[in-house]
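Novice: here are the coordinates; sequence isn't available:
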């Protein structure tokens, strides 16, 4: 009788342990699904990987970005005709990659790897690139319909329908500064990252982005105007380092 009772207790303990494992598995799966949906459709966390946004942002700064809808999961829902939520001076995450867009399965796989490695590891896309190779943090200088030009690194913006152009700092409500390089006297304006740029008029779904460090960072001077659909999110909050908490 005692042996039967012991066997019953042992079986009950095994069943409890098995159920606990299932609950842990389902719990981890549920947390991941929440994380994937949340970071794909609502918010995402990003690390500044370079000093291209000096003096305002530094390498290692960490940010919370808003997501521009579920376009990160379903590309057909990309907001390529609506820039009404964007403002000059906004810091945004831009996807400068023009190649194959990963499918839903790959996106889930990429999200799982980032989740279980605490954002430390990213898988390469079909072309062998990782997000850090083609996703950049840049500042919006021009909105759809604007005319943008540059003379001696002074960027001027003429808004759609306006007769006058103003410096980038006069058409934005955000306060920021820029790093202006000192080029050699014989630097040819035809070379990349030159101080001058002929006026361009942005299309109805295009924005013009620049790095705050105007020295040698890739931005719309090399990419050209960027479709609004390539904007993946807007910086909302800097949460690291603690000494610089707040809106970037």
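Specialist: Noted; the coordinates are in hand. For clarity, every value in this text was computed on a predicted model and none was experimentally measured.
Novice: Quick one: mean pLDDT over stretch 42-61.
Specialist: Averaging pLDDT along stretch 42-61 yields 88.
Novice: same question but for stretch 228-246, I mixed them up
Specialist: 89.
Novice: and it, how far apart are its ends?
Specialist: In stretch 228-246, first residue to last residue: 26 Å (C-alpha to C-alpha, to the nearest Å).
Novice: same question, stretch 206-226
Specialist: Using C-alpha to C-alpha, the end-to-end distance of stretch 206-226 comes to 5 Å.
Novice: which outside residues touch that stretch?
Specialist: The contact list for stretch 206-226 (C-beta atoms under 8 Å, 6 or more residues apart in numbering) reads 50-57, 83, 86, 92, 94, 96, 136, 138-144, 146, 148, 153, 155, 176-181, 192-193, 197, 200, 202-203, 227-228, 231. Placement of C-beta: from N, CA and C, glycine included.
Novice: rerun at 7 Å
Specialist: Contact with stretch 206-226 is made by 51-54, 56, 83, 86, 94, 96, 136, 138-144, 148, 153, 155, 176, 178-181, 192-193, 197, 200, 202-203, 227-228, as judged by C-beta atoms under 7 Å, 6 or more residues apart in numbering.
Novice: what does stretch 233-248 give?
Specialist: 44, 56-57, 61-68, 90-93.
Novice: same thing but at 10 Å, please
Specialist: Stretch 233-248 is contacted by residues 42-48, 53, 56-58, 60-69, 72, 85-87, 90-95, 135, 137, 139-140, 174, 176 when judged by C-beta atoms under 10 Å, 6 or more residues apart in numbering.
Novice: next helix or strand past the helix or strand bottoming out on mean pLDDT in the chain?
Specialist: Every helix and strand in the chain was compared by mean pLDDT, DSSP states H and E; the lowest is helix 131-134, with a mean of 59. Per DSSP states H and E, helix 131-134 leads on to strand 135-142 as the next helix or strand towards the C-terminus.
Novice: Which strands or helices does that following strand pack on?
Specialist: Packing partners of strand 135-142 (3 or more C-beta pairs under 10 Å, 6 or more residues apart in numbering; DSSP states H and E): strand 43-47, strand 91-95, strand 147-151, strand 154-158, strand 206-210, helix 220-223, strand 226-227, strand 231-240.
Novice: Dump those into JSON lines; add mean neighbour count as well.
Specialist: Listed next are the helices and strands packed on strand 135-142 as JSON lines, based on neighbours: other C-beta atoms under 10 Å:
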{"stretch": "strand 43-47", "mean neighbour count": "16"}
{"stretch": "strand 91-95", "mean neighbour count": "22"}
{"stretch": "strand 147-151", "mean neighbour count": "17"}
{"stretch": "strand 154-158", "mean neighbour count": "19"}
{"stretch": "strand 206-210", "mean neighbour count": "25"}
{"stretch": "helix 220-223", "mean neighbour count": "17"}
{"stretch": "strand 226-227", "mean neighbour count": "20"}
{"stretch": "strand 231-240", "mean neighbour count": "18"}
